[in-house]
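Colleague: sharing a model prediction with you, sequence too.
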Amino acid sequence: MTMKPLLAASTAVMLAGPVLAEPQAEVLHWWTSGGEARSVAVLQEQFAAEGGSWTDMPVAGGGGDAAMTALRARVLSGNAPTAVQLKGPAIQEWYEETGLADIGPVAEENGWEAVLPVRIAEHMQCEGQWCAAPVNVHRVNWIWGNKQILDEHGIAMPTTWEEFNAAAETLKAAGVTPLAHGGQSWQDATVFETVVLGLGGPEFYQQALVDLDPQALNSDTMRQVFDQMRVIRGYVDDNFSGRDWNLATAMVMNGEAAFQIMGDWAKGEFLAADKKPGVDFVCAETPGGGFLYNVDSFAFFKVDGDDRQQGQALLARLIMGEGFQKTFNLNKGSIPARTDVALDEFDDCARQSAEAMNAGAENGSLLPSYAHGMALRGAPAGAITDVVTAHFNSDMTSDEAVEQLANAVASAM
Ligand code: GAL
């Protein structure tokens, strides 16, 4: 016997290593709209291509409120899913409550620290340990417009709230619904936070919706914010109540309304319907600018079994892969969380987003979205949203709203 085959045989044994179980993952998420489903399919396909077996657990409902209720029920019954779409301080809240799987070995092996902005990395860590993997950065403060309607009425994308109101009045007088909106509390909160940032500026946003400073909550600026919310209420159609966000996006697409204020997952919806930015629809930052970030991520509950643990490690590795981050985000409307993914193939809205994010990190206008669970823990965030929604759906005055806001936050802390 020569040396050659012997060497080859031993190398083969070493490469095969221990026998691996088939990676399994049950994945709880709320990506059920056209653009969202197309995006999560990218992960599903890559997982399958690497030998994984994926059990889908989609819980419909934009913003994830229903998904989080489903998660709690599963955890309470002692049967947590393998992987969960979870983000912001909720990651740390769950870590404190039940513990989360340590994905440090995957993070270290793949050099996550070097390719993630510090701010994003911090959201993914629990007591210094990696406990979640980020897929993207969504910008929340966008306004989308139907290009044809705007051109027809000689309207430019508004850069101040006054301009927005003037445009909306013109449209209303012409019989066009100015704003496509879905009356669900998280959508009301989404519009509200863009108005807080736009009218109050970054420092005020930070004080009011991140630091929960009672003076900021109970201020004239906050009164003006509620005044503007009341004005906006006059620009939505009669059937807005309960409408899903993607149906509101469809109204802009189909020419049933001129604008929508929504994060850039709305762009994922336009793209899934084959609409082109700058041609069929236009994007602009909401009046006042700044950058409200919303980073989607997955966390992994502690589960038994080699197959499920390997499923978690495989998912974590894929999620942070360069190829995945590019393809996923091209579909989702967001930009990659990794800083080293080239944006050549991304559209102008995405490039504008990346520029604003970098500028915001320099000048203090890069801020966490409260409406999308990035700024606050559940209790105070819920308390704010309750008041915002109650105000939007009643004839509550701005004075009453401000007073209720300050009280609700005080009792939720
Ligand atoms: C956000 C989530 C986005 C988007 C949106 C609507 O909270 O971060 O990825 O899908 O909800 O469902």
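Modeller: Sure, I can see it. Remember, predicted model here, so these are calculated numbers, not experimental data.
Colleague: can you pull out the helices in the stretch 1-150 of the chain?
Modeller: If DSSP state H, counting those that start in this stretch is used as the criterion, the helices of the stretch 1-150 of the chain fall at 3-16, 34-49, 65-76, 89-98, 104-109, 112-115, 118-123, 147-152.
Colleague: among those helices, show me which one is buried the most.
Modeller: helix 34-49 (a mean of 18; mean count of other Cβ atoms under 10 Å). (C-beta placed from N, C-alpha, C; glycine too.)
Colleague: that helix - contacts with which helices or strands?
Modeller: Contact analysis of helix 34-49 by 3 or more Cβ pairs under 8 Å, 6 or more residues apart in numbering; DSSP states H and E lists strand 53-58, helix 265-272, helix 306-319, helix 322-332 as its packing neighbours.
Colleague: again, only this time at 6 Å
Modeller: Applying 3 or more Cβ pairs under 6 Å, 6 or more residues apart in numbering; DSSP states H and E, one finds that helix 34-49 contacts helix 265-272, helix 322-332.
Colleague: list of residues touching the shortest one?
Modeller: Spelled out, it's helix 265-272. Applying Cβ atoms under 6 Å, 6 or more residues apart in numbering, the contact partners of helix 265-272 are 34-35, 38, 144, 246, 249, 281, 331-333, 349.
Colleague: closest one of the residues you listed to residue 289?
Modeller: Set against residue 289, the nearest of those by Cβ to Cβ is residue 349 (14.5 Å).
Colleague: which SS state does residue 178 fall under?
Modeller: Here residue 178 is strand, with the state taken from DSSP: H, G, I helix; E, B strand; the rest coil.
Colleague: which helix or which strand is home to residue 224?
Modeller: For residue 224, the host element (DSSP states H and E) is helix 220-233.
Colleague: tell me how far that helix lies from the chain's centre.
Modeller: 24 Å (Cα atoms, centre = their mean, to the nearest Å).
Colleague: local confidence estimate at the residue in the stretch 151-300 of the chain that the ligand sits nearest to?
Modeller: Going by Cβ to the nearest ligand atom, the ligand is nearest to residue 265 of the stretch 151-300 of the chain, at 3.8 Å. Turning to residue 265, the model gives it a pLDDT of 98.
Colleague: and for residue 207?
Modeller: pLDDT, residue 207: 98.
Colleague: and for residue 14?
Modeller: Listed pLDDT for residue 14 reads 43.
Colleague: list the buried residues in stretch 216-231.
Modeller: Buried positions in stretch 216-231, judged by neighbour count with 16 or more other Cβ atoms under 10 Å: 216-219, 221-222, 224-226, 228-230.
Colleague: for those, give me JSON lines that also has distance to residue 25 and pLDDT.
Modeller: Listed next are the buried residues of stretch 216-231 as JSON lines, based on distance: Cβ to Cβ, whole Å; pLDDT from 0 to 100:
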{"residue": "216", "distance to residue 25": "43", "pLDDT": "98"}
{"residue": "217", "distance to residue 25": "42", "pLDDT": "98"}
{"residue": "218", "distance to residue 25": "46", "pLDDT": "96"}
{"residue": "219", "distance to residue 25": "47", "pLDDT": "98"}
{"residue": "221", "distance to residue 25": "46", "pLDDT": "98"}
{"residue": "222", "distance to residue 25": "44", "pLDDT": "98"}
{"residue": "224", "distance to residue 25": "47", "pLDDT": "98"}
{"residue": "225", "distance to residue 25": "42", "pLDDT": "98"}
{"residue": "226", "distance to residue 25": "44", "pLDDT": "98"}
{"residue": "228", "distance to residue 25": "44", "pLDDT": "99"}
{"residue": "229", "distance to residue 25": "41", "pLDDT": "98"}
{"residue": "230", "distance to residue 25": "46", "pLDDT": "98"}
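Colleague: hmm, back to that, and residue 397, which of the helices and strands packed on helix 34-49 is closest to it?
Modeller: helix 265-272 (31.2 Å).
Colleague: could you check the angle helix 322-332 makes with the closest one?
Modeller: Interaxial angle of helix 265-272 relative to helix 322-332 (axes from the mean of the first three to the mean of the last three Cα atoms, to 10 degrees): 90 degrees.
Colleague: which helices and strands does the helix or strand following helix 265-272 pack with?
Modeller: Downstream of helix 265-272, the first helix or strand assigned by DSSP H and E is strand 281-285. When contacts are defined as 3+ Cβ pairs under 6 Å, 6+ apart, strand 281-285 sits against strand 142-146.
Colleague: wait, what's in contact with the spatially most central residue of the chain?
Modeller: Closest to where the C-alpha atoms of the chain average out (Cα atoms, centre = their mean) is residue 294, at 4.2 Å. Residue 294 is in contact with 138, 140, 263, 369, 372, 374, counting by Cβ under 6 Å, 6+ apart.
Colleague: JSON lines for those residues, including distance to the ligand and neighbour count?
Modeller: Formatted as JSON lines, these follow (distance: Cβ to the nearest ligand atom, whole Å; neighbours: other Cβ atoms under 10 Å):
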{"residue": "138", "distance to the ligand": "6", "neighbour count": "27"}
{"residue": "140", "distance to the ligand": "9", "neighbour count": "26"}
{"residue": "263", "distance to the ligand": "6", "neighbour count": "25"}
{"residue": "369", "distance to the ligand": "8", "neighbour count": "27"}
{"residue": "372", "distance to the ligand": "4", "neighbour count": "25"}
{"residue": "374", "distance to the ligand": "9", "neighbour count": "22"}
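Colleague: and stretch 360-372, what's its mean pLDDT?
Modeller: Stretch 360-372 comes out at a mean pLDDT of 97.
Colleague: what's in contact with it?
Modeller: 140, 189-190, 193, 202, 205, 209, 290-292, 294, 374-376, 381.
Colleague: how about stretch 149-169: buried residues?
Modeller: If you call a residue buried by 16+ other Cβ under 10 Å, then stretch 149-169 has these buried ones: 149-150, 155, 157-158, 161, 164-165, 167-168.
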